[in-house]
Structures are given as C-alpha cells and as structure tokens.
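>>> The following comprises the amino acid sequence and a computationally predicted model.
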Amino acid sequence: MGQTNGKDIRLVLADVDGTLVTKEKLLTERAIHAVEKLREKGIIFTVTSGRPPKGMGMLIEPLSLDQPIAGFNGGLIVKPDFTEIEARTLPEDVARKAIGIMREHKVDVWVYNGNDWNIGDKDAPHVSREEWTVKFAPTVCEKVDADLTKVVKITGVSDDLDLMVKVEKALQDAIGDDASAARSQPYYVDVTHHDANKGGVVEALEKLTGIDRSQMATFGDQPNDVLMFRKSRMSIAMGQASDEVKSAATYVSTSSEEEGFATGIERYILGEEA
C-alpha cells in the first residue's frame, strides 16, 4: 500500500491478542501511555477482537475505553458497560454446515451461542489458556450444536497449523457467500456472520462515531485483520505477522513482544522520532 501519515487520523482501531497485548496477554505501561497520548491529541481509540466482549473487560479501565467495542470480530458490538449496540448472528443452517466441516477435518469445535461459550471437552487444546485469557469459564456440553439459535461465532481449534490453513480454505469455499471464515490465530479459525468481520467493524464504527474510514488507522497481526486494513486509511502490522499480513499493511512495526503497538502509535500516528 502507498505511504501516508497520521496527521488526519481521528480514530485508531486495534486488534487485541498479538497486537495490543503481548504473547502473555499483558498490556504494557508503554501501550497504555500511547493510548493516553492519542487521547491528548483528540484521537479516539477502541478495540476489536475474536474474543467475546466481556473477554476484553480487563482493557476498559486501564485504557479508559469510552467508544463501542467490537467482540467476536464484529459479531457483537457493545458499549463499554456491555450494553448491546449490534448483534450479528449466524443462520442456523450455515452454523451446522460450518460445524460439519470442522468435524470432517477432526478439529475441536467451540460454539459461542449468545453469552455462552460451549465446548465438548474441557481438557482439549487451548481451552484452559483461553479461559485464563478471557477471564470466564466455558460450558461443557454433550452436544455443542444442540442450540444454534443465537450463534455469534464458531471456532475450530487445532495445533496442526497446516491443517488449519486447509480448514479455513474449506470453510471459505463452502460458506464464503454466507459467512466469514478466517484464522484469528494460527491454531484458531473463526466463523462469524458474513458482515461480522473486522472490515465490517470499520464500517460499523464509521456509522456509530461519524468518523469517515479515510480518517481511521488499524493495527493487527493476523489474516483476519487484513479485512480492516483494506477498509481504513492507514494500517500497521505487527513485526511477527506473516508476509501475507505485512504486505497488506501500510506500515510494519516491531513485534508485539517489542512494543509494536506503542511503536506504531508513536512513529506512524503521532510522528514521533524513533
């Protein structure tokens, strides 16, 4: 993408895991200070993630978040007090098809139905880590697909990373006209409503804040962040992102372990010297 600068940016939207927080899910003091500096310049800041909205609750106070927050990659947009603004749920037949494809590939299936995180096995890969990350427990169900009436996200999980690339492609081929399917981590592929993707979050924020996307900057590190890169004026990829993600961004910062978010704010939004 062509070069630009941050002088006309009025809103910054950041992914959370691998971008705003470190690998250990920590929000650094420098990241907090970077958001404070944005606010001093009159620039709005908010977040989007594949996490449930309440899984981002720990960010609200330290970052003084006061704008709409987009959970489930835009499937559920809430105010900072978690009052619902917009919900985009998957049609039941699409949800069943997605679950079927995941099971065919033998990956674990998580279903986020309304406020419930439904899983089949509490000891499956990444469950305990995800519980620690989002700060609430899943519901273990005999059948995770027993009720699919309010599904905002379905996640396939496997540590076979090559398999996850194949699962993402199979989902996109089968349901791409009806839903969004993208890897939010190398070991997760998320299926959400067709308009519940990070590009849709940019569009939703445009309506909710009155700020044009040509005055927005986005930060991310995963393939599902590319959709918001394409919709915003400026985009900053983290240093550990894949070449696919980096090539879609306006700029590449340092990694999330090396203060990539704060560096991106300071260097590309605020124009401070390195």
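Sure, I can see it.
>>> Hmm, residue 233 and residue 214 touching each other?
Yes. Residue 214 is within contact range of residue 233, at 4.8 Å (criterion: C-beta atoms under 8 Å). Quick note: C-beta positions are derived from backbone N, CA and C, even for glycine.
>>> Just to check, residue 219 is in contact with residue 19?
Yes. Counting by C-beta under 8 Å, residue 219 touches residue 19, with 5.2 Å between them.
>>> which residues are common contacts for the two?
Common contacts of residue 219 and residue 19 (C-beta atoms under 8 Å, 6 or more residues apart in numbering): 225, 238, 261.
>>> Can you check the residues you listed and name whichever has the most neighbours?
Counting neighbours by other C-beta atoms under 10 Å, residue 225 leads the shared contacts of residue 219 and residue 19 with 32 neighbours.
>>> quick one: contacts for the residue nearest to that one when sequence neighbours are not counted?
Excluding its sequence neighbours, the residue lying closest to residue 225 (C-beta to C-beta, 6 or more residues apart in numbering) is residue 15, at 5.3 Å. Taking C-beta under 8 Å, 6+ apart, we find residue 15 in contact with 47-49, 198, 218-222, 225.
>>> Please apply the same query to residue 248.
By C-beta under 8 Å, 6+ apart, the contact set of residue 248 is 1, 226, 229-230, 235, 237.
>>> Roughly how far does it sit from residue 32?
Counting by C-beta to C-beta, to the nearest Å, the gap between residue 248 and residue 32 amounts to 27 Å.
>>> Equivalent analysis for residue 20, please.
Counting by C-beta to C-beta, the gap from residue 20 to residue 32 is 10 Å.
>>> And for residue 237?
21 Å.
>>> Show me where the stretch 1-150 of the chain has its helices.
Listed in chain order, the helices of the stretch 1-150 of the chain (DSSP state H, counting those that start in this stretch) span 29-40, 57-63, 92-104, 127-134.
>>> Nearest to residue 156 among those helices would be which one?
Among these, the nearest to residue 156 by C-beta to C-beta is helix 92-104 (4.2 Å).
>>> doesn't residue 74 make contact with residue 88?
Yes. With contact defined as C-beta under 8 Å, residue 88 reaches residue 74; the gap is 6.9 Å.
>>> What count of nearby residues applies to the closest residue to residue 272 other than its chain neighbours?
The spatially closest residue to residue 272, leaving aside those adjacent along the chain, is residue 266, at 4.4 Å (C-beta to C-beta, 6+ apart). By the criterion of other C-beta under 10 Å, residue 266 has 20 neighbours.
>>> With residue 124 instead?
Close neighbours of residue 124, defined as other C-beta under 10 Å, add up to 17.
>>> ditto for residue 61
Neighbours around residue 61, by other C-beta under 10 Å: 9.
>>> try residue 138
Neighbours around residue 138, by other C-beta under 10 Å: 22.
>>> Without its sequence neighbours, what residue ends up closest to residue 9?
Counting by C-beta to C-beta, 6+ apart, residue 217 is the residue found nearest to residue 9 once chain neighbours are left out, at 4.8 Å.
>>> Much appreciated, bye for now.
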